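Visitor: Take this sequence and fold it.
(one chain, ligands or ions: 3)
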Amino acid sequence: MGTLKKNVFLVGFMGVGKTTVARRMARDMGVACVDVDAFLERKHGKSAAELFGELGEDALRELEYEALVECANMGHSLISCGEGIVAYDKSREFLKRRGFAVMLESSEATSLGRIHNLSTRPLLAHDCDIEGLWEQRKPLYEEVARAKINVQGRSTGSVAGFVAKVLARAGVYTPDSEDAVAKKIEADSLKRHKKHRHSKSGRPRSAAERSNASHKGQKAARASRENAASSKKHAAHAPASGQGAAEKKQNGSGAPKHRRRRGSRGRGKMRASNNRQNGQRGATPPAN
Ligand SMILES: Nc1ncnc2c1ncn2[C@@H]1O[C@H](COP(=O)(O)OP(=O)(O)O)[C@@H](O)[C@H]1O
Ligand SMILES: O=C(O)C1=C[C@@H](OP(=O)(O)O)[C@@H](O)[C@H](O)C1
Ligand SMILES: [Mg+2]
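Guide: Ligands and ions are numbered 1, 2, ... in the order given. Here you go, the predicted model:
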């Protein structure tokens, strides 16, 4: 559980995991997330690939920019962008000015190897020079990004945890203190207690009704406490160095030994769907 101080944009090549990582971070950090592609699709009733096919790339980039602005105006959230958003000057300027952009990076082969449905990636479907595109995009991601994270060989959970640490170090994300978590739990439990004593219609509940509800409430409170304890543990392990150190740790020379759960290699890799998110998920963002 925690709070974002500004919008966080995830940028990077297609298939690197922007959408997946944003969802995972939203779940683990208790913050809202929104996928620009999914937002675009909901807004226009057509996927980015369809818009690309019907209107052409230039028009898609303008629509993407408009969608990006709307997503950013919803409140501080994790915003996963489409790979090509950086090709548009206005979007790049926005990414630089209106939040903290994080670049996810892996080898071109790894990113492309994860894409199983080419029709969802219009540039791939249109037979472009993919290596040329990769070379062209890289400096653009680097231009907007305030942190660069190498995701090669890391599970989604590990990438999500690492991005959270980088954001915490940069002061962009504040994990809730133990006190704040305890207060939240207490407030929730008070609410539950009130519900427990009275039915929805305001009628006092019978002893049998209360006993039944109480078992459910205790289970939920236990789960919240366990969650809070695990968030605290997670926060306590975040290294305290700055962005430069994060990058150094991530790059070739100082490459960390990535922890991978036994048997996790390739899990999820063959998932057929590149699921799109339906708009914003997770916690309700604060008003701007
Ligand atoms: N760290 C990871 N390890 C293995 N597979 C991953 C990882 N991150 C994402 N994937 C998988 O790669 C595919 C592309 O991920 P996605 O989040 O759609 O990428 P992007 O939004 O950057 O195009 C999905 O099938 C997803 O499940
Ligand atoms: O070239 C682009 O702008 C697109 C890249 C893809 O985004 P990802 O980076 O999430 O793969 C895709 O979803 C979208 O159709 C448009
Ligand atoms: Mg995506």
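Visitor: Taking the stretch 1-150 of the chain, what residue is nearest to ligand 3?
Guide: Proximity of the stretch 1-150 of the chain to ligand 3 (Cβ to the ion) peaks at Thr19, 3.4 Å away. The way it works is simple: take the backbone N, C-alpha and C, and place the C-beta from them, glycine included.
Visitor: where's the nearest residue to Gly171 once chain neighbours are set aside relative to Arg27, distance?
Guide: In space, Gly171 comes closest to Lys5 once its chain neighbours are excluded; the distance is 6.6 Å by Cβ to Cβ, 6 or more residues apart in numbering. When distance is defined by Cβ to Cβ, to the nearest Å, Lys5 is 20 Å away from Arg27.
Visitor: so what's Val144 up against?
Guide: Phe9, Val11, Val86, Arg92, Leu95, Lys96, Ala101, Met103 (Cβ atoms under 8 Å, 6 or more residues apart in numbering).
Visitor: let's go with 7 Å and repeat that
Guide: Val144 sits next to Val11, Val86, Arg92, Leu95, Lys96, Ala101 when contact means Cβ atoms under 7 Å, 6 or more residues apart in numbering.
Visitor: ok, and the closest non-adjacent residue to the fifth one?
Guide: In this structure, Lys96 finds its nearest non-sequential neighbour in Val144, 5.3 Å apart by Cβ to Cβ, 6+ apart.
Visitor: Tell me where this protein has helices.
Guide: 18-29, 36-44, 48-55, 57-72, 89-97, 108-113, 122-125, 130-144, 156-169, 178-197, 207-236, 243-250 (DSSP state H).
Visitor: lowest-confidence stretch among those helices?
Guide: When the helices of the chain are compared on mean pLDDT, helix 243-250 scores lowest, with a mean of 34.
Visitor: Stretch 34-54 vs ligand 1: in contact?
Guide: No: counting by Cβ under 6 Å from any ligand atom, ligand 1 has no neighbours in stretch 34-54; the shortest distance is 7.5 Å.
Visitor: near ligand 3, anything from that stretch?
Guide: No: applying Cβ under 5 Å from the ion, one finds stretch 34-54 separated from ligand 3 by no less than 5.5 Å.
Visitor: What parts of the chain come near ligand 3?
Guide: Contact residues (Cβ under 5 Å from the ion) of the chain with ligand 3: Lys18, Thr19.
Visitor: what would the contacts of Val144 look like in CSV with neighbour count?
Guide: Below are the contacts of Val144 laid out as CSV (neighbours: other Cβ atoms under 10 Å):
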residue, neighbour count
Val11, 29
Val86, 27
Arg92, 19
Leu95, 27
Lys96, 15
Ala101, 25
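Visitor: Format these as a markdown table; extra columns: distance to Thr174.
Guide: A markdown table is the format used below for the contacts of Val144 (distance: Cβ to Cβ, whole Å):
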| residue | distance to Thr174 |
| --- | --- |
| Val11 | 23 |
| Val86 | 28 |
| Arg92 | 27 |
| Leu95 | 22 |
| Lys96 | 23 |
| Ala101 | 19 |
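Visitor: Is Val159 in contact with Thr20, as I believe?
Guide: No: Val159 lies out of contact with Thr20 (Cβ atoms under 7 Å); the separation is 8.6 Å.
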